[in-house]
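>>> One predicted model, sequence on top.
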Amino acid sequence: MTRQLTQQYASEMAFSPVVGNPLNVGSGFTGLGFRHSQFGGAMDPLIMVDHYTMTEPTFGAHPHAGISAVTVLFEDTQGRFNNRDSLGNDFDIHAGDLYWLNAGSGAIHDESPRHGATIHGLQIFVNLPARLKHNAPSSLHVKREEMPTLEGQGYRVRLVLGNSNGLATSATPVWPVTILDGFADSTSAFTHHIQPGFNAWIYAVNGDIEYQLQGQWLSLKQGQSSTLSAADGEVLKVRGSSQSQSHFAVISGEAINEPFVQQGPFAMSSQAEIDDVVARYHAGDLGKLD
């Protein structure tokens, strides 16, 4: 393959950089939001990702159905994040932790910072295939100390969930997803092999980064993200391009390739299913918090 064709192929795989939409909710929640509609389907199985800072209770108890609501806390989170849901869970998650609520047929959820906490992380909505949207809800909590760390010249990357570089987390989510939370400078590059059938979303959390596909380096400024599609077996390399180490995140998941209808915190296969979930929610059938 010629260099010109290689660069064309890499450009087709990588979506143009997308800047997150500013988020401001109440007086205690700010961030940037990314939605699947910004990436022409290449975010699949992700529906949305919010990069946020939360300092006080904001959303209250709210429903989900047809998706998994995934919380990843960055290591600079200060204080505790209380997680409650209609599955009977009521506990705090800490800096570096992951909490995966598989809402399935429907669940009620609430997350709020404890007094004085500053929560910094990602809120991720992962779609479910039609065959899993009506299953009973479930949950998964992975603590920071249970996550492998990948380290090399110029980089340190937490394997929050999934598989990378021959390592795997012991926790297995309801849908195959790998989440990487890393820091890298310009002296070397972190390498991740994207699994066959997976799309990937890459985000510059703090500082600028560069990522390589098919020998071509592409750039993301802080607050920008991109998606990689048709990336079967592709090798992704990431390095920092700021004066100090840059913070980045990579989320790759098996593509579902099914149409869906989203209405707020619900994502089902049809509008009729959405209407049914909304009716069940108003009837109190999605459960309650203790």
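Everything's here; your move.
>>> where's the nearest residue to W217 once chain neighbours are set aside relative to Q243, distance?
Spatially, and ignoring its direct neighbours in sequence, W217 is nearest to E210 (5.0 Å; CB to CB, 6 or more residues apart in numbering). The C-beta positions use only the backbone N, C-alpha and C, and glycine is treated the same way. Applying CB to CB, to the nearest Å, the value for E210 to Q243 is 14 Å.
>>> sorry, back to before: so what pairs up with the residue nearest to W217 in the strands?
Counting by DSSP bridges, E210 is bridged to S219, R239.
>>> Who are the contact partners of it?
217-220, 238-241 (CB atoms under 8 Å, 6 or more residues apart in numbering).
>>> from the residues you listed, which would you call buried?
Among the contacts of E210, those buried by neighbour count (16 or more other CB atoms under 10 Å) are 218, 220, 238-241.
>>> just these now: which is nearest V19?
L220 (10.0 Å; CB to CB).
>>> now the closest one: how far from G20?
From L220 to G20 the distance is 11 Å (CB to CB).
>>> For the protein, name the helix or strand with the lowest mean pLDDT.
helix 3-13 (a mean of 41; mean pLDDT, DSSP states H and E).
>>> where does the stretch 151-290 of the chain have low pLDDT?
Counting by pLDDT under 70, the ranges of the stretch 151-290 of the chain that qualify are 230-232.
>>> As a check, name the ranges of all strands in it.
Assigned by DSSP state E, counting those that start in this stretch, the stretch 151-290 of the chain shows strands spanning 155-161, 163-164, 167-168, 177-184, 190-193, 198-206, 209-213, 216-220, 224-228, 235-240, 246-254, 261-263, 266-268.
>>> relative to strand 235-240, how tilted is the first one?
Which is strand 155-161. Per axes from the mean of the first three to the mean of the last three CA atoms, to 10 degrees, the angle that strand 155-161 makes with strand 235-240 is 130 degrees.
>>> so which of the contacts of E210 comes closest to G166?
Nearest to G166 out of the contacts of E210 is V238 (CB to CB; 17.5 Å).
>>> Skip the chain neighbours and tell me the closest residue to the residue sitting nearest the centre point of the chain.
By CA atoms, centre = their mean, the chain has its centre lying nearest to I124, at 4.0 Å. Nearest in space to I124, with sequence neighbours left out and distances taken as CB to CB, 6+ apart, is V70 at 4.1 Å.
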